[in-house]
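1. Provide a 3D model corresponding to the input given below.
(chains A and B)
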Amino acid sequence: MKRTHGCGDLRIEHDGQTAVLAGWVNTFRDQGKGLVFIDLRDRSGISQIVFDLEDCDDETVETARSLRREDVVAVRGLVRPREGKANEKLATGSIEIMGQAVEVLNRTDNPPILPDDHEAEKISEEVRLTYRYIDLRRPRMQEIMRIRHDLARITREYFDQQGFLEIETPLLIKSTPEGARDFIVPSRIYPGQWYALPQSPQIFKQILMVSGCDRYLQICKCLRDEDPRADRQAEFTQIDLELSFVDRDEVLDIMEGFMREVFNRILKEDLGDIPKMPWSEAMDRYGSDRPDLRFDLELQDISEIAGRTDFRVFTEALAKEDGVVKAIRVPGAADSFSRKITDGYAEIAKMHGAGGLPTVKYTANGFETGIAKFLGDIGDDLVSALGLEHGDAVLFAADTRELANTSLGAVRLQVARDQDLIPAGVYRALWVVDFPMFKWDEDNKRWASEHHPFTAPRADQLEILESDPGGCLSDGYDFVVNGSEAGGGSIRIHNPEVQKKVFSLLNLSDEEAKMKFGFLLDALRFGAPPHGGIAFGLDRLVMLLAGTDNIRDVIAFPKTQNGGDLMSQAPGPVDDAQLEELQLEVVEQPDT
RNA sequence: GGGGCGGUAGCUCAAUUGGUUAGAGUCCUGGACUGUCGAUCCAGUGGUUGCGGGUUCGAGUCCCGUCCGCCUCGCCA
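-> Residues are numbered from 1 along each chain as shown, chains lettered A, B, ... in the order given. The predicted structure follows:
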C-alpha cells in the first residue's frame, strides 16, 4: 500500500476518493465485533478510520480490533462525511475513512509513555527525555520542530537576499583563555595537546572579513562547558553573522529587518517601534541590561527627596560613593502586598546584593506600614514625584547605583508576574546599545570584557580607553525581546594597535596574546576591513516564537542539568584501547 | 561547588505517630458492546518503595551516605 495523503490532509472535498494513510494508532475505540474506530496520526494530523463489517471482511475487522496505541499501520479506505457527529476538535473532523484494508507495518511494545500533549504536562521530563522518540511524536513537539525549521529557512532566505554567504568554520579549534570553560578534545597525533570545541566562531568569522568574504552567515553549534539552566544548554545553536564596511546603524538596520521578517512570517506579529536604548538608561529605568518593556513599573531616582530624611537606610546609602535611593510605584498593590509577599521580594533583593527592601503603602490615610514613620517630612514630595494614588505600594532600594538598580530590577520582574502585568501575545523589542567596554573583576583584580575582547570602543571613546577603562563605552549592541536577550554583537576592532591595547587592559601580556590570538592579530595587520556582526540565539528565538520557557522543549535531543543525554546515556566510558591511543590515563580522584 | 524541591506498579499519584498482605486511576491482558471520539461496563496481571548502609521487635516513613531529575546562586568573554 502506498500512502496517498497525510493524516491531517483530508477534508469534505475529498468525499468519494480512495485514500491510503499511514501512521501511528493514536487511539482506538472498539465498539464490538462489527465496528472499530481508529484515530490514525502522522506529522500532519489525525484522521478517524472506521472499520465496519458491512464495508470489509471479518479478517480486516479482526486485524483492526487487534491494533493498540502506537502500532504503525497503513490503511486504505473511502473518504466520506462522518456518519456520526462531526468532531470539532479535529481539522479532519467532518470526514472519516471507511476502512477497506489494513496493513500492520510494525507492532509496538507497550509504550512507557504516550505522545499526548495533555498527558505530557503531567509526565516527568525525565521519562519524556528517556523515551524522546515517543515524546517527539506529540503534536506540540512537532509544531516546535516546524517553527525551528521555519526560522532556519527564513534566516537563509533573508540573508541570502542581503548578500550573505553561508560558510562553515571548524569545530576543532584552539582553546581561548577568555570566556566560558572550553570543552576539550585530545589530539591523537600530538599526545598531550588539545583542541577546544568552539564557544562561538568569533575569531574565524572576523578572519573571514579579512579574507574579503564581505558578508558571512552560519547556523552553528556553540559549546560552553558551564552548568545549564532552564534557558541555557551547554550545547546550543547560534545564527552567526558578520559584515564588512559597515557602521553600527547599518548592522542594526539589517538585523532589525531580519527580526521583523521572522516575527511577521512565523507569528504574524508586527514588532512595531524598536527603540535604541543606551545601556545606562536601561539599567537606570529597568534595572536590567535586557529590560522587559511589556510593562512599566519603572525605577525612579528619589535620592534628592530621600536625602532629606533621617532614615538611616537612606542616609547611609547616599553617603556611599555613587549611592542612590530608587523606588518603584506598584499601582493598586496596597491590598495584595501581604507581609509574606513583600518578605519574598526582600529575599529577591537580598539575593541580588541589596541589604533589604524598604516598603510602604499609600492609602486614603496616607502612608502606612513598613517605613511609613520615616517618611513624615517628605511624604508629599514622594507622592508627587512618584505620581502616587491611594491604594499604591512603593518598593525602595537604597545602595550604590549598581546594586540598587539590579536588585530593584529583579524585584520588578517578580512583581510584574505576581500582579499579572505581563500581557500575553505581546512582543516588545529594543536594542540596548552603548555598553561599557569593561567590567571590574573583583576576584581577579582586573578588567574583564563586558562583551568580548574584540569589541571596538565607540570612536568617540578611544581617547579614554586607557585613562578611564571603566567609563569607556563600546560599540556593542544586544537585541532584546520581552526581557530575553535574543542576540548580541558589536562593531569589532580592526586595528591591531587598538586590539593590543585592549588585550593589555585585560591583563593579557603581549606574549600570551600572541600565543592565544596571534593569528587574529596577524590577520588584522594584513588589510582588515572595518567590520562588525551579531549572533542570535536560535534556541531562545524558538522559545519566544513557540511560547515556552524551557529550552529543552525546542531542542530535539537536549541534555539534562548534569549534561547527560537520558536517551543515549551519554556521556559514557570508552575502551582502554582508545585511551591508550591518545596516551591518556584515568586517575582516581583522591578522597577529600 | 552551594541552596531548595522531588524519586513508591510501564505512567500519574496515595499510604495517619514507625505497625496487618504497599493501594487507586490509567496502561496492558481477557470478556461484553454496531456510531464512538479522553468511549463505556466486567474481571485479571503488574512492586528491588532510586541505590547502599544504619537505628528498631518492626522502616516507603527516622538517621547517614550516594545516584538521578527539576528550579536556583556561583558560572555562562
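2. right, and the helix or strand after the host helix or strand of A:Lys326?
-> Secondary structure from DSSP states H and E places A:Lys326 in strand A:323-330. Of the helices and strands lying after strand A:323-330 in sequence (DSSP H and E), the nearest is helix A:339-351.
3. list the helices and strands that next one packs on?
-> Judged by 3 or more C-beta pairs under 8 Å, 6 or more residues apart in numbering; DSSP states H and E, the packing partners of helix A:339-351 are strand A:359-363, strand A:392-400, helix A:401-418. No exception for glycine: its C-beta is placed from N, CA and C like everyone else's.
4. Show me which residues of the stretch 51-200 of chain A sit near RNA strand B.
-> Counting by C-beta under 7 Å from any atom of the strand, the stretch 51-200 of chain A comes close to RNA strand B at A:52-54, A:68-69, A:82-87, A:89-90, A:93, A:96, A:110-113, A:118-119, A:122-127, A:129, A:176, A:178-181, A:199-200.
5. I'd like to know which of those residues are part of helices.
-> A:His118, A:Glu119, A:Glu125, A:Glu126, A:Val127, A:Leu129 (DSSP state H).
6. Provide a complete list of residue ranges assigned to strands in the stretch 101-250 of chain A.
-> Using DSSP state E, counting those that start in this stretch, the strands of the stretch 101-250 of chain A run over residues A:165-166, A:184-186, A:194-196, A:215-223, A:235-244.
7. Show which residues not belonging to the first one make contact with it.
-> If I follow you right, that is strand A:165-166. A:Arg156, A:Phe159, A:Cys213, A:Asp214, A:Arg215, A:Tyr216, A:Leu217, A:Gln218, A:Ile219 (C-beta atoms under 8 Å, 6 or more residues apart in numbering).
8. could you dump the residues you listed to a markdown table with neighbour count?
-> Shown next, in a markdown table, are those (neighbours: other C-beta atoms under 10 Å):
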| residue | neighbour count |
| --- | --- |
| A:Arg156 | 15 |
| A:Phe159 | 20 |
| A:Cys213 | 17 |
| A:Asp214 | 17 |
| A:Arg215 | 21 |
| A:Tyr216 | 25 |
| A:Leu217 | 23 |
| A:Gln218 | 21 |
| A:Ile219 | 16 |
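9. and A:Lys350, how many neighbours does it have?
-> As a burial measure, A:Lys350 scores 13 neighbours (other C-beta atoms under 10 Å).
10. shouldn't A:Phe536 be in contact with A:Gly487?
-> Yes. Proximity of A:Phe536 to A:Gly487 meets the contact threshold set by C-beta atoms under 8 Å, at 3.7 Å.
11. residues shared between the contacts of those two?
-> Going by C-beta under 8 Å, 6+ apart, residues that sit against A:Phe536 and also against A:Gly487 are A:Ile239, A:Phe479.
12. ends of stretch A:166-183, how far apart?
-> Here the two ends of stretch A:166-183 are set 25 Å apart, with distance taken as C-alpha to C-alpha, to the nearest Å.
13. Next, count neighbours for whichever residue of the stretch 301-450 of chain A sits closest to RNA strand B.
-> At 3.8 Å from RNA strand B, A:Ser449 is the closest residue in the stretch 301-450 of chain A, using C-beta to the nearest atom of the strand. Other residues near A:Ser449 number 20, with proximity taken as other C-beta under 10 Å.
14. Enumerate every residue touching it.
-> So A:Ser449 contacts A:Glu178, A:Met437, A:Phe438, A:Thr455, A:Val502, A:Leu506 (C-beta under 8 Å, 6+ apart).
15. Most neighbours out of these, which is it?
-> Busiest of the contacts of A:Ser449 [other C-beta under 10 Å] is A:Met437, holding 28 neighbours.
16. got the phi/psi numbers for A:Gln17?
-> Here is the backbone geometry of A:Gln17 (degrees, to the nearest 10): phi -80, psi 150.
17. Just say which of the strands of the stretch 101-250 of chain A is most tucked in.
-> strand A:235-244 (a mean of 23; mean count of other C-beta atoms under 10 Å).
18. how many other residues sit next to A:Asn405?
-> Counted with other C-beta under 10 Å, A:Asn405 comes out at 26.
19. Who's the closest spatial neighbour of it, skipping the chain neighbours?
-> Distance criterion C-beta to C-beta, 6 or more residues apart in numbering; nearest residue to A:Asn405, sequence neighbours excluded, is A:Gly287 at 4.3 Å.
20. neighbours around A:Gln161, how many?
-> Residues near A:Gln161, counting by other C-beta under 10 Å: 10.
21. pLDDT wise, what is it at?
-> As predicted, A:Gln161 sits at a pLDDT of 98.
22. Check which helices and strands the lengthiest helix in chain A sits against.
-> When chain A is parsed with DSSP H, its longest helix is helix A:139-161. Here helix A:139-161 touches helix A:117-120, strand A:215-223, helix A:248-262, helix A:538-546, going by 3+ C-beta pairs under 8 Å, 6+ apart.
23. try it again with 7 Å
-> Secondary-structure packing of helix A:139-161 (3 or more C-beta pairs under 7 Å, 6 or more residues apart in numbering; DSSP states H and E): strand A:215-223, helix A:248-262, helix A:538-546.
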